[in-house]
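1. sequence first, then the predicted structure:
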Amino acid sequence: MVAPLRVGIAGLGTVGAEVVRLIARQERALAERTGRGVRVVAVTARSRAKNRDIDLSGIRWVDDPVTLAGDPEVDCLVELMGGVGDPALAAIETALKSGKSVVTANKALIAKHGLRLARAAEAHGGALNFEAAVGAAIPVVKTLREGLTGTGIDRVYGILNGTCNYILTRMEQEGLSFAECLKDAQRLGYAEADPSFDVDGHDTAQKLAILASLAFGTEVAENAIYVEGISSIAPEDLRAAAELGYRVKLLGVAMRTAKGIEQRVHPTMVPKSSSIAQVMGVTNAVTIDGEGIPPITLVGPGAGGAATASAVVADIADVARGVRVAPFGRPVETLRATEKAPMERHEGGYYIRLMARDHVGTAAAIATRLAEQKISIESIVQRHPDGGGPASSGEGAPVPVILITYATHEDAVHRALQAVQDDKVISGRPQVIRIEKN
Ligand code: HSE
């Protein structure tokens, strides 16, 4: 039997501790399945004294991550510290440049430095595995990198942030405001104390950048992604969406278009009947549209110690087996520069909610402005402000008007709504949500 793979773990937070436990618990299965076994030989973390409820007997303590990465008795560095710079970056580069393999859950680092690290892995022969960086236990990196090697990808989209999906689910099911649900998410530990990274869409964008590269053979380019968060979504949008047969989800979408690869993160109306619409709470899901095959949807836990450790240990097992795949599915030098498809040319249906002056001619004025931009209306509903019934015919407080358009271009929608605002037939800013068809 070949000697076990010697693993060094940098970072013993929730995930790191769970990886130590999982490797111990699965020791026999890992030996059987990899043909050599996996052994944690050394660890490093910020505090040695902290009680982590894990058995570290027989495991060496190393004082810093870069030393651990260069340790001649470590074959595979597992980076679970997080952060886009050093020491995570230096440790990973040290390990890769010494020909070792690296497993990381660090999406921010892969989104920012993935190409540089992949180059180092390819040059020195080690693996660079990052399944846990996207969707935790959902094996979407492996699906795109290996499972669909023979299939062209047209679109990959998904719910990649559990915090946002939790908030939107509670808003929809209980009619609560964004702020109330966010507070609960923080209380339950789903959202960070500073939740903007999640709710403004940046966490989703980093994950999407990685998926887009794997799907389309382009360079990872977080800055090529259009990003919009969920804080403007109101309970009335979710109510209207439900009545119209939709749900609102924060989606990351990467798709092939005639103008290049469109990459975008924004609240999205999805048909209630779609697989992605069934995904509630903190659960994540990714749908892949492959050429010539029906869509594939993977659903599962996208965060948490056990879910993340599951992906990390699977990546370590691949290293133990000797699997070496180019980190982004093909050699870095063959990845194409990302052509950023401009959002103004985004084509799709739109949900538009306006607060309209309740008097004769308002609906006609709105319809005229849309028609001028060749935007065809699929449905239009004007509501009484209490949401109860049809609007009155007299002049009074503004009333919500909800429109669904057929497919059009984003710049046409902006031009039409600017004209409607200039006409002074509405108050406040229009709410616009893109519709994604399955
Ligand atoms: N903050 C993320 C989420 C989990 O809410 O899904 C880690 O990526």
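-> All right, it came through fine. Residues are numbered from 1 along each chain as shown.

2. pull the contacting residues for Leu30.
-> 23, 37-38, 313, 317, 320 (C-beta atoms under 8 Å, 6 or more residues apart in numbering). No exception for glycine: its C-beta is placed from N, CA and C like everyone else's.

3. now do Gly260
-> 338-341.

4. re the thing from before, which of the contacts of Leu30 has the most neighbours?
-> With neighbours taken as other C-beta atoms under 10 Å, the top of the contacts of Leu30 is Ala320, carrying 25 neighbours.

5. that one and Ala29 touch, don't they?
-> No - when contacts are counted by C-beta atoms under 8 Å, Ala320 is not listed as touching Ala29 (11.9 Å).

6. neighbouring strands of the helix or strand of the chain with the lowest mean pLDDT in the sheet, and parallel or not?
-> Least confident helix or strand, the chain: strand 377-382 with a mean of 90, by mean pLDDT, DSSP states H and E. Here strand 377-382 is paired, per DSSP bridges, with strand 399-405 (antiparallel).

7. list the contacts of the partner strand.
-> Against strand 399-405 from outside (C-beta under 8 Å, 6+ apart): 236, 240, 244, 349-356, 358, 362-363, 366, 370, 375-385, 391, 413, 426, 435.

8. let's see that with 7 Å instead.
-> For strand 399-405, contacts defined as C-beta atoms under 7 Å, 6 or more residues apart in numbering pick out 236, 240, 244, 349-356, 358, 363, 366, 375-385, 391.

9. so which of those reach the ligand?
-> Applying C-beta under 6 Å from any ligand atom, the subset of the contacts of strand 399-405 adjacent to the ligand is empty.

10. just to revisit the earlier point, name the residues of the least confident helix or strand of the chain that come out as buried.
-> Gln382 (16 or more other C-beta atoms under 10 Å).

11. quick revisit: adding pLDDT, neighbour count and distance to Lys249, write the contacts of Gly260 out as JSON lines.
-> Below are the contacts of Gly260 laid out as JSON lines (pLDDT from 0 to 100; neighbours: other C-beta atoms under 10 Å; distance: C-beta to C-beta, whole Å):
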{"residue": "Thr338", "pLDDT": "86", "neighbour count": "22", "distance to Lys249": "24"}
{"residue": "Glu339", "pLDDT": "77", "neighbour count": "14", "distance to Lys249": "26"}
{"residue": "Lys340", "pLDDT": "81", "neighbour count": "16", "distance to Lys249": "23"}
{"residue": "Ala341", "pLDDT": "84", "neighbour count": "21", "distance to Lys249": "21"}
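
12. if we only consider the residues you listed, which is nearest to the ligand?
-> Nearest to the ligand out of the contacts of Gly260 is Thr338 (C-beta to the nearest ligand atom; 22.1 Å).
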